[in-house]
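Student: Got a sequence here, can you build the structure:
(one chain, ligands or ions: 1)
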Amino acid sequence: MTDPDAPLIAFTDVRKHYGEGETRVDALRGVSFTVAAGEVVGLRGPSGSGKTTVLNIVGCILAPSSGELRLAGEPVFSDGRWRRSDLRSLRLATIGFIFQFHNLLPFLTSTDNVALVLRLAGESAGTAKRRARELLAYLDVGHRRDAFPAQLSGGEAQRVAIARALANRPRIILADEPTAALDSQRAQVVMDLLRRVAVEQQAAIVVVTHDDKIVDRFDRVLELRDGLLI
Ligand SMILES: Nc1ncnc2c1ncn2[C@@H]1O[C@H](COP(=O)(O)OP(=O)(O)OP(=O)(O)O)[C@@H](O)[C@H]1O
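Tutor: Sure thing, here's the model as predicted:
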């Protein structure tokens, strides 16, 4: 990561189509936006408008058809190709994902679910466990650290999943409907946590949501319609 003053996410005239000919779908038709460190941005739009496509491109999971993606000022995709050969380590070091359903591994405790990500990034078992416990305490689920996912409530499981997404101190956090399975009070708790992380870790956070309960909790809301920002 290079320029400290650059926006953490710079998405410039990104186009993405799936398929060719009769089956071609133009999912993004020239989308540009930036997200700065410390910002929590909502991404809204009807089903099929391209939200998941945006998230997957920012997360370096999906290549655009054209356009440019920069992360912290560094070109990651431009001129029709990835500029980095180590996308997996870029993702591990830079990006945290949070999903609608927590996607915790059912056979691991809360601590081990979080520690696993740190082990993948090369931390020792002891360090990984210690940091996992700290994070679970930070997210107010320290008392559930030895529980398995099936023993957790929906709100607890989502907080463990957020701990996992934060484990490697990512500067960019991408969340796909993180509050959809939660009641209003728990949704607010999750949004408060994300806000705290954005400020304390100077992270850029993008949250895909249909959830009207949390729409006033963003610094900005980007609205997609048919692959274009309105
Ligand atoms: N792998 C794929 N192959 C073909 N078409 C796809 C693929 N993924 C998405 N699409 C199409 O691209 C468009 C945008 O999809 P995308 O999943 O980004 O929308 P979305 O706004 O996230 O929708 P939802 O809210 O329903 O999740 C849709 O028309 C979708 O059918």
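Student: And the strand or helix carrying Ala115, how far out from the chain middle?
Tutor: Taking DSSP states H and E as the criterion, Ala115 maps to helix 110-120. Relative to its parent chain, helix 110-120 has a centroid offset of 17 Å by Cα atoms, centre = their mean, to the nearest Å.
Student: again with stretch 118-125
Tutor: 20 Å.
Student: measure that stretch end to end?
Tutor: 8 Å (Cα to Cα, to the nearest Å).
Student: do the same with stretch 132-144
Tutor: 12 Å.
Student: Kindly report the residues of the chain close to the ligand.
Tutor: Proximity of the chain to the ligand (Cβ under 6 Å from any ligand atom) is limited to residues Tyr18, Gly19, Val25, Ala27, Gly45, Ser47, Gly48, Ser49, Gly50, Lys51, Thr52, Thr53. Every C-beta, even on glycine, is put in place using the N, C-alpha and C of the backbone.
Student: May I see the buried residues of the helix holding Ala115?
Tutor: Buried residues in helix 110-120, defined by neighbour count with 16 or more other Cβ atoms under 10 Å: Ser110, Thr111, Asp112, Asn113, Val114, Ala115, Leu116, Val117, Leu118, Arg119.
Student: cool, stretch 29-45 as well?
Tutor: 31, 33, 35-45.
Student: Please enumerate residues in contact with the following helix or strand past the helix holding Ala115?
Tutor: Downstream of helix 110-120, the next assigned helix or strand under DSSP H and E is helix 125-138. Contacts to helix 125-138, defined as Cβ atoms under 8 Å, 6 or more residues apart in numbering, come from residues 110-112, 114-116, 118-119, 123, 142, 144-145, 160, 163, 166-167.
Student: Wait, Arg144 touches Ala163, no?
Tutor: No: taking contacts as Cβ atoms under 8 Å, Arg144 lies outside contact range of Ala163: 10.4 Å.
Student: Just send the buried residues of stretch 29-45 back as JSON lines, with pLDDT and secondary structure too.
Tutor: Formatted as JSON lines, those follow (pLDDT from 0 to 100; DSSP: H, G, I helix; E, B strand; the rest coil):
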{"residue": "Val31", "pLDDT": "98", "secondary structure": "strand"}
{"residue": "Phe33", "pLDDT": "98", "secondary structure": "strand"}
{"residue": "Val35", "pLDDT": "98", "secondary structure": "strand"}
{"residue": "Ala36", "pLDDT": "97", "secondary structure": "coil"}
{"residue": "Ala37", "pLDDT": "95", "secondary structure": "coil"}
{"residue": "Gly38", "pLDDT": "95", "secondary structure": "coil"}
{"residue": "Glu39", "pLDDT": "96", "secondary structure": "coil"}
{"residue": "Val40", "pLDDT": "96", "secondary structure": "strand"}
{"residue": "Val41", "pLDDT": "97", "secondary structure": "strand"}
{"residue": "Gly42", "pLDDT": "96", "secondary structure": "strand"}
{"residue": "Leu43", "pLDDT": "96", "secondary structure": "strand"}
{"residue": "Arg44", "pLDDT": "95", "secondary structure": "strand"}
{"residue": "Gly45", "pLDDT": "94", "secondary structure": "coil"}
